[in-house]
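**Q** using only what follows, build the 3D model:
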Amino acid sequence: MPGPLSATGEDVAEFHVHGSAAAIEAMFEVFRSVDGVRLAEPGEFTRRAFVNDRMDLVEAEGLADLLQARTEVQRRMAVHHMLGHASSQYEVWRTEMISLLARLEAAIDFVEEDGVAAEALADIRPKTLDLVARLSRAAAEADRAGALRSGVKVVFVGAPNVGKSTLLNLVAAREAAIVSSRPGTTRDVIEVPIVLGGIPVILTDTAGLRAGADDEIEVIGMQRARSEAAAADLVVWVTSVDVAGEIENAVVPALRVLNKSDLPGGSQGIDLKVSAKTGEGIAELIAELEKLVRERFSGMEQASVIRTRHRDAVEESIRLLNESLLHDAGHIELAAECLRRACFSLGRVTGRVDVEDLLGKIFSEFCIGK
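**A** Numbering: from 1, shown residues only. As a prediction, this is how the structure comes out:
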């Protein structure tokens, strides 16, 4: 396949051989005997495609995500980026910034004429505010879109011995967490990847929270539990009839579950009653978790801002656009500089400017041969 229209932009030859390990190794042995031939580094072919302008960084990241996709939702999100749809959105935003900057630059050329600078700023202001609003909406979706990409974090939190580990095992449909009647069995964080409603979810079991703990290991476990709850996309607070435990102020549960409902007791302030022992309410618990995950995270497959570096660049552009609005007609050149830097920041997302420091990190995510 001759360049420059090949996948990498270079001359490419493909060998289609039998897929057994022995056949492939024999082929490699032949290649090793040829001077100048070596195995590709991870991501090398995709990096060459980027260098030769066959794809940009967002498309390359989409390919990396496609190689690692575990669910149909993740596949659709990855394809959206790999095919350049997200890149097109970034280019729309950047083109609008360039247009605004051009208006300011033109006004600077005639700044000595009365009213030119003030009129240019007045005309540009509503367009800048509109662009800021659209960028802000995209940045606001970054956490939800990122969770869809990496897995929605659902954390089980509660007092010791309320049955968090048992409930996690039942939702995950496997014995992922150790279960014991002894309080405090769970000391460390346990994560279990599953799929709910087609959306990737990471179930997280944590140490029980209680006041007055003096065991050093238990205290560390509780600190980790609080950290996991703070970083969670959804918190499931678990309590039980036979264990007292108030929700801590720092914990904001999306779902409050009363376990051991087979025992007599009240259920005030509870969303669901379940019994890990009898199985009562477990199907309803799974259905409710799926509903919450779908309500909060479905529809994010078309999001453009899905990685931390995307969000950082967009938020920096928003800051600079807002800063440009602070300059009056007497400092129109400063407003233009803010817009220029905003364009530069957004250009880094797709790799149009100054991205050499990002290349090694991005392409290291690939497998050899991609």
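
**Q** quick check: residue 13 vs residue 192, distance?
**A** When distance is defined by C-beta to C-beta, to the nearest Å, residue 13 is 44 Å away from residue 192. C-beta here means a position set from N, CA and C on the backbone, and glycine is covered the same way.

**Q** of these two, which one has the most company?
**A** Taking neighbours as other C-beta atoms under 10 Å, residue 13 and residue 192 compare with residue 192 leading, 18 against 7.

**Q** shouldn't residue 100 be in contact with residue 125?
**A** No: counting by C-beta atoms under 8 Å, residue 100 does not reach residue 125; the two are 9.8 Å apart.

**Q** those two: who's more crowded?
**A** residue 100 (24 against 14).

**Q** quick one: that one is in a strand?
**A** No: looking at residue 100 with DSSP: H, G, I helix; E, B strand; the rest coil, it is helix, so not inside a strand.

**Q** contacts only, for it.
**A** 124, 127-128, 131, 339 (C-beta atoms under 8 Å, 6 or more residues apart in numbering).

**Q** all strands of the stretch 101-250 of the chain, in order?
**A** With DSSP state E, counting those that start in this stretch as the criterion, the stretch 101-250 of the chain has strands at 152-158, 190-196, 199-205, 234-240.

**Q** where does the prediction get shaky in this structure?
**A** The chain contains residues with pLDDT under 70 at 110-112, 114, 176-187, 244, 266-267, 353-370.

**Q** which non-adjacent residue is nearest the residue most central in space within it?
**A** Closest to where the C-alpha atoms of the chain average out (C-alpha atoms, centre = their mean) is residue 146, at 1.7 Å. Nearest residue to residue 146 in three dimensions, chain neighbours excluded: residue 306, at 5.5 Å (C-beta to C-beta, 6 or more residues apart in numbering).

**Q** phi, psi for the one you found please.
**A** Backbone torsions for residue 306, taken as degrees, to the nearest 10, come to phi -130, psi -10.

**Q** now residue 210
**A** According to degrees, to the nearest 10, residue 210 has phi -150, psi 150.

**Q** okay but it is in contact with residue 246, surely?
**A** No: Residue 210 is beyond contact range of residue 246, at 10.2 Å (criterion: C-beta under 8 Å).

**Q** neighbours around the closest residue to residue 310 other than its chain neighbours, how many?
**A** Sequence neighbours aside, residue 349 is the residue nearest to residue 310 in space, at 5.6 Å (criterion: C-beta to C-beta, 6+ apart). Counted with other C-beta under 10 Å, the neighbours of residue 349 add up to 30.

**Q** what about residue 349, distance to residue 50?
**A** For residue 349, the distance to residue 50 - C-beta to C-beta - is 13 Å.

**Q** between those two, what contacts are shared?
**A** With C-beta under 8 Å, 6+ apart as the test, residue 349 and residue 50 both reach residue 57.

**Q** how far away is residue 236 from residue 226?
**A** Distance, residue 236 to residue 226, by C-beta to C-beta: 15 Å.

**Q** looking only at neighbour counts, state which of these two leads.
**A** residue 236 (28 against 17).

**Q** ok, now which ones touch the more buried one?
**A** 154-157, 253-257, 289.

**Q** now neighbour count and distance to residue 82 too, for those residues, in TSV please.
**A** Formatted as TSV, the contacts of residue 236 follow (neighbours: other C-beta atoms under 10 Å; distance: C-beta to C-beta, whole Å):
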residue	neighbour count	distance to residue 82
154	24	28
155	28	31
156	28	35
157	26	37
253	18	37
254	19	32
255	19	35
256	17	40
257	27	39
289	24	30
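
**Q** and which of the residues you listed is nearest to residue 33?
**A** Proximity of the contacts of residue 236 to residue 33 (C-beta to C-beta) peaks at residue 154, which lies at 53.2 Å.
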